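Enquirer: This is a predicted model, with the sequence first.
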Amino acid sequence: MCTLTIKLNPFLQAVEDVNVTFEDQQKINKFARNNNRLIELKEEIEVKKKQLQNLEDASDDILMLDEDSLLVPYQIGEVFISHSQDETQEMLEAAKQCLQDEIQSLQSRVEAIQQVLSDLKVQLYAKFGNNINLEADDN
């Protein structure tokens, strides 16, 4: 889990007194909110990638079946419905495409948040310098 440390260094404050204005605090809060959202989105992307891999594995397994007349159960919600191999393959392809679109959308959101974080870092480091730490601590 990543944790974010946003604090003024008390040892450096003795040398340089930095006033934190309301606007500065708003920027720090915005940075923290966006950073938390970024972590959530990255976790969601990993879950979607795992689901996509499971669909690809299922698709590969269906291709290895020899009997064309065999019905393949496909889970929709809590119910399994049997379909032909071709129909099941088509359903898997549609599900994979949907997941790929969702992953792409999430990655676009991640990029947008990363840009906001980058801009905020520049502004906050410009004002506070080494008195603030906006880097994620990987634990």
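Expert: Nice, thanks for sending it over.

Enquirer: which residues of the chain fall in strands?
Expert: 2-4, 72-76, 79-83, 136-138 (DSSP state E).

Enquirer: so where's this protein shaky on pLDDT?
Expert: Judged by pLDDT under 70, the chain has its weakly predicted residues at 1-17, 137-139.

Enquirer: Could you list every helix and strand that the longest helix along it packs against?
Expert: Secondary structure of the chain per DSSP state H: the longest helix is helix 85-128. Packing partners of helix 85-128 (3 or more C-beta pairs under 8 Å, 6 or more residues apart in numbering; DSSP states H and E): helix 22-63, strand 72-76. Every residue, glycine included, has its C-beta placed from N, CA and C.

Enquirer: hmm, who's touching the last one?
Expert: Right, the one you point to is strand 72-76. For strand 72-76, the external contacting residues (C-beta atoms under 8 Å, 6 or more residues apart in numbering) are Ile62, Leu65, Phe80, Ile81, Ser82, His83, Ser84, Gln85, Thr88, Met91, Leu92.

Enquirer: most neighbours, which of these?
Expert: In terms of neighbours by other C-beta atoms under 10 Å, the contacts of strand 72-76 top out with Thr88 at 21 neighbours.

Enquirer: Now do the nearest residue to that residue once chain neighbours are set aside: how many residues are near it, please.
Expert: Leaving aside its chain neighbours, Thr88 sits nearest to Val72 (4.2 Å; criterion: C-beta to C-beta, 6 or more residues apart in numbering). Val72: 20 surrounding residues under other C-beta under 10 Å.
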